[in-house]
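Chemist: I'll drop the sequence and a predicted model, then ask my questions.
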Amino acid sequence: MDESPDSLANVKKVVAGCFAVRPSIYWADLLATALVGWGAFFATELWLTSQLPAAALAFVVSAFAFYRGMLFIHELVHRDRDELPGYSLVWNLLFGVPWLLPSFTFRGVHSGHHKTATYGTRHDFEYLDFGGSPIATTALFALKSFVMPLAMAVRFGLLAPLSLLVPRLRRYVMLHTSALTMRPGIPRSLPTGTDLRHWYAQECLCCAWVLGSAALLPLTVFFHAYALMTAVFLLNSVRTPISHRYANVSARELTFQEQVLDSVNIDGGFVAELFCPLGFRYHGLHHLLPAIPYHHLGAAHRRLRAELPSDSPYHATVERSVAGALSALFRGALSASSDRA
């Protein structure tokens, strides 16, 4: 076995103690985020007609809070249910169902993004070659933020109940409209057992939420919710293209080391945490050691930066800031545009 200073075995020794899940942190973070998000949402509603500047500020706070809250879906699929009993249920009630992104849309989908056989290939739901494509690819990805809330409402408010009456439609809906994906056209795998029961429960709740909201809530609340979800998707469209180099233009199968080198860690500070919360700023480390819970990623990254040799490939994954990561992305996109000109 390779025992070099930056071997996987040595890396695990350096970050020993960073693999333990602390449920108290997960629960406190989730509930505090929900309190801020929903509190700011209702404050926006309250101040919208009387104190516009305060309402605008509350809207921004709610957008960042709900963005952070929605990203917990990533932690759900990386943690065993026994590690955080009841956590998935509460997250779905606070975030997943109200914003029509229940956990079944990610569970059973995200795992392929970590497999060497599928990462970066045309079978990876979460990979577009931003780094080797014209800048229009990234711009189009961001522009989809404006239609996603409507698409989600149609998926759960119309297609969900209709598909239960039409078996052929049901199969299409389950395979092709039930995954958080950046690469449309890939049919997802269907769960069985407990996961399938959870799928139907979450889908029914989302359907009831859409139809009940349509019947009971004023139109202004819909406009507010639509704008808020658009803002959340726009924030995500900043984070997603800088989480990887997205340099695998040929969509070939990459080695594990290539997968890690195609992923990005961002040092930075407050801005990095704001746009890449819950450890997403350490995405290279996450692909190296996906078992580390988000609350230990910062400490593990600092240890590796300090203890790995200067020529370790790990250091090549690091960008100094969000601006630096965006700059690297745009340089690659501009170079691709000039090559195709």
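Modeler: Thanks, I have the structure now.

Chemist: next, count neighbours for Lys115.
Modeler: Other residues lying near Lys115 total 14 when counted by other CB atoms under 10 Å. Using the backbone N, CA and C atoms, a C-beta is placed for each residue, glycine as well.

Chemist: same question, Arg305
Modeler: Neighbours of Arg305 under the rule other CB under 10 Å: 15.

Chemist: and it, that one's in a strand?
Modeler: No. Using DSSP: H, G, I helix; E, B strand; the rest coil, the secondary structure at Arg305 is helix, not a strand.

Chemist: and it, how far from Ser312?
Modeler: 9 Å (CB to CB, to the nearest Å).

Chemist: likewise for Leu94?
Modeler: For Leu94, the distance to Ser312 - CB to CB - is 40 Å.

Chemist: so which of these two has more stuff around it?
Modeler: Leu94 (20 against 17).

Chemist: which residue is the nearest non-sequential neighbour of that one?
Modeler: In space, and not counting its chain neighbours, Leu94 is closest to Ala34: 4.4 Å by CB to CB, 6 or more residues apart in numbering.

Chemist: for the one you found, give me its contacts.
Modeler: When contacts are counted by CB atoms under 8 Å, 6 or more residues apart in numbering, Ala34 is found next to 69, 94-95.

Chemist: where does pLDDT dip in the stretch 1-150 of the chain?
Modeler: For the stretch 1-150 of the chain, applying pLDDT under 70 flags the ranges 1-6, 131-132.

Chemist: how many neighbours does Phe222 have?
Modeler: Counted with other CB under 10 Å, Phe222 comes out at 14.

Chemist: can you tell me the SS state at it?
Modeler: Secondary structure, three-state DSSP: Phe222 is helix.

Chemist: contacts for stretch 133-149?
Modeler: 100, 128-130, 182, 225-226, 229-230, 233-234, 236-238, 240-241, 249, 329-330, 333-334, 336-337, 340.

Chemist: can you count the residues close to Cys18?
Modeler: Neighbours of Cys18 using other CB under 10 Å come to 20.

Chemist: contacts only, for it.
Modeler: 292, 296-297, 299-300, 303.

Chemist: narrow these to those that are buried.
Modeler: Among these, those buried by neighbour count (16 or more other CB atoms under 10 Å) are 292, 296-297, 300, 303.

Chemist: just send those back as CSV, with distance to Glu203, secondary structure and pLDDT too.
Modeler: What follows is those, written out as CSV (distance: CB to CB, whole Å; DSSP: H, G, I helix; E, B strand; the rest coil; pLDDT from 0 to 100):
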residue, distance to Glu203, secondary structure, pLDDT
Ile292, 32, coil, 96
His296, 34, helix, 97
Leu297, 32, helix, 97
Ala300, 36, helix, 96
Arg303, 42, helix, 94
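
Chemist: quick one on the thing from earlier: pull out the buried residues from the host helix or strand of the residue nearest to Leu94.
Modeler: Using DSSP states H and E, Ala34 sits in helix 23-47. Residues of helix 23-47 classed as buried by neighbour count (16+ other CB under 10 Å): 26, 29-30, 33-34, 36-38, 40-41, 43-45, 47.
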